[in-house]
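Q: Based on what follows, work out the 3D shape:
(chains A and B)
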Amino acid sequence: MADKFTVILSQSRGDDPKRRRLEEDLIARLAERPGLAVTVVPHLYDLAPDGPGVNFLRSVPGDMIVLGWLYPRAAYWILSGNDIKGRMGRTSSAKMDMSAAGSSDPVAPGELPDRTIWCLDLRMHDRPEPFLAEVEPIVPAVADGADVASDTVVNRVQETATSRWYPVIDFERCTNCLECLNFCLFGVFSVDESELLLIEQPDACRNGCPACSRICPAAAIMFPQHKDPSIAGDPQAAPQGLKLDLSQLFGGADVQGTAAAERDRALAEKQQETTEQPSEKGELDHLVDELDDLDI
Amino acid sequence: MSPPLVFMMGQAPAFLPTDRVYAKNHMWAVAVEGGYRFGLSAYAVRLLGEMRHVKWSVAEGTMIRRGQPVGYVEASKATSDLYTPMSGVFVQRNENVVADPKLINSDLYEAAWLFRITGGGETFLSPHEYLTHVETSWPLAQRMLKAQVSNPKNRD
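A: Next up, the predicted model:
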């Protein structure tokens, strides 16, 4: 019997009922389709680096389709960052990003395993049918005489995923200029023995901060959960060329002094608040005062 | 001259020559007759990136006060107003950096000086004091810069 084709459904964060309904509909329909091995994992971005979800994905030897609530480019590079590599499959939602590779030589990603990963963005449609239509040409055709009433057991990976925030690198675009490493204060980035950029402490990343993504001259850094599509991994959106304004640093004002003054002002305000509200003296306090007055 | 001091910004070193003094606003200062000549320190240049554009906003010969803006610079990663770290007469500004801003990246401590001011009464930081200043204010500078790019509402 031929090996089944692996289809991964990576769930949405949170408990949006519409999203859950689409997921369950899709899972049910995929499970009915013969020849597929369906696995459900938490949100791709939230998977623990060495958790059950990642370990399952690493165990898949061949081609796979990954459905998730994020841009295909983001999904592909999250997988790659977890050592789940392969050729990027062409789908309607993942336009091959070759043209945006940039003029400088991208860092060679190294030998890719001989298999393809197709990523589909679950935000593209609100019914299962268009997704199934995309899956169909990718997976092997249903063999003649195959048991149509297939009873695929859906594999649901048990993992409690917490919301994470960390940069995802597109190594096709990365030129190893190390600007991100030079800028990041929190030790997220480092280099390996070959002086190539790597994410050393992803969870040291300050929640909500997309600074390195904006700093990157090659637009190679993604934060898949950011509202700005160009930061979240949309290959079509032009990266915003944000320039910092260093006037405060280069001004006559002493930055540290300004910060200290701010802190002191905030402290003084707080103290003023406390003294302006005299605390209600309770019965016990009055009794204690009276005792004190007696001066025994 | 003893070897320059080094401040590591990630993997990239910022060199601080010991043959001059420094101001808290990240400019170096060399004493000249009647006053000082100023330029941007390596720390400042590294934060800015590749220089693209320099503009002066004060004419030569103008009386200026410490902290007053005298120009503007635009680079690949950042922009900034340029401020004078001392009061006096703004006697000379370097037009070469206007013509060729990249000179600041290639020769920030010599040919790419920015302006000369005559006056007195100003104290500057020794190289070691400046290094300490940069080291202690680097985390705060980072937070300030990150605040410019971060907005918690952008999270999904």
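Q: Okay, now the unreliable bits of the chain?
A: Picking chain A for this. A:1-2, A:93-110, A:145-151, A:237-242, A:252-296 (pLDDT under 70).
Q: wrong one, chain B
A: Using pLDDT under 70, chain B drops low at B:150-156.
Q: Run through the bridge partners of the residue nearest the centre of it.
A: Nearest to the mean C-alpha position of chain B, counting by Cα atoms, centre = their mean, stands B:Leu40 at 2.9 Å. Residues in a beta bridge with B:Leu40, per DSSP bridges, are B:Met27.
Q: mind checking how far it is from A:Val41?
A: For B:Leu40, the distance to A:Val41 (Cβ to Cβ, to the nearest Å) stands at 50 Å. For every residue, glycine as well, the C-beta is placed using N, CA and C.
Q: still on that earlier bit, doesn't B:Met27 make contact with the residue nearest to the centre of chain B?
A: Yes. When contacts are counted by Cβ atoms under 8 Å, B:Leu40 is listed as touching B:Met27 (6.0 Å).
Q: Check the contact lists of these two and give me the overlap.
A: Common contacts of B:Leu40 and B:Met27 (Cβ atoms under 8 Å, 6 or more residues apart in numbering or on different chains): B:Leu114.
Q: Quick check: the residue nearest to the centre of chain B vs B:Leu114, distance?
A: With Cβ to Cβ as the criterion, B:Leu40 and B:Leu114 are 7 Å apart.
Q: Same question for A:Ala143.
A: In terms of Cβ to Cβ, A:Ala143 sits 76 Å off from B:Leu114.
Q: Neighbour count for those two, which is higher?
A: More neighbours surround B:Leu114 than the other of A:Ala143 and B:Leu114, with 23 against 11 (other Cβ atoms under 10 Å in any protein chain shown).
Q: Look up phi and psi at that one.
A: Torsion angles at B:Leu114 (phi, psi; degrees, to the nearest 10) stand at phi -100, psi -50.
Q: Quick one: residues contacting it.
A: Per Cβ under 8 Å, 6+ apart, neighbours of B:Leu114: B:Met27, B:Phe38, B:Gly39, B:Leu40, B:Gly71, B:Leu82, B:Arg93, B:Asn94, B:Val97.
Q: Please give the element, helix or strand, for the fifth one.
A: Using DSSP states H and E, the element containing B:Gly71 is strand B:69-75.
Q: List the pairing partners of the helix or strand just after that strand within its sheet, with orientation.
A: Past strand B:69-75, further along toward the C-terminus, the next helix or strand under DSSP H and E is strand B:78-83. Strands that pair with strand B:78-83, judged by DSSP bridges, come out as strand A:244-245 (parallel), strand B:69-75 (antiparallel).
Q: among those strands, which is nearest B:Pro139?
A: Of all the strands paired with strand B:78-83, strand A:244-245 sits nearest to B:Pro139, with 16.0 Å by Cβ to Cβ.
Q: who touches the closest one?
A: B:Leu47, B:Lys77, B:Ala78, B:Thr79, B:Ser80, B:Leu145, B:Gln148, B:Val149.
Q: Show me what secondary structure element comes after that strand.
A: helix A:247-250.
Q: tell me how far that following helix is from the chain's mean position?
A: On the basis of Cα atoms, centre = their mean, to the nearest Å, helix A:247-250 sits 33 Å off its chain's mean C-alpha point.
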